[in-house]
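Visitor: coords below, sequence missing:
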């Protein structure tokens, strides 16, 4: 799956307003109500990542904040797989 060019990435980010670009990585930080909600989100994303066979970098900071970083290492940047996973993370975060 080829890496997205700058124009395609900017278009994708318009549909993901809470995500941003950090070089060749999509990033998003999500605050949950508490520790359990933060870990439940991580668990849900882990299941989806396994299903998609595409795994994000995840960092839980404090007791309720989860940071996600998405990139396709084999392509050296963001691909459609990262955008699809970002959309799925948004769906999970909304529940």
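Guide: Noted; the coordinates are in hand. Because the structure is a prediction, the values reported are computed rather than measured. Residues are numbered from 1 along each chain as shown.
Visitor: Contacts only, for the residue sitting nearest the centre point of the chain.
Guide: Note on the chain: the residue nearest the mean C-alpha position is residue 86, at 4.0 Å, using Cα atoms, centre = their mean. Counting by Cβ atoms under 8 Å, 6 or more residues apart in numbering, residue 86 makes contact with 16, 19, 26, 28, 68, 70. To be clear about C-beta, it is placed using only N, CA and C from the backbone, and glycine gets the same treatment.
Visitor: isn't there a strand covering it?
Guide: No - per DSSP: H, G, I helix; E, B strand; the rest coil, residue 86 lies outside any strand segment and is helix.
Visitor: any idea of the pLDDT on it?
Guide: With respect to pLDDT, residue 86 has a value of 98.
Visitor: I'd like the distance from it to residue 36, if you could.
Guide: Counting by Cβ to Cβ, to the nearest Å, the gap from residue 86 to residue 36 is 23 Å.
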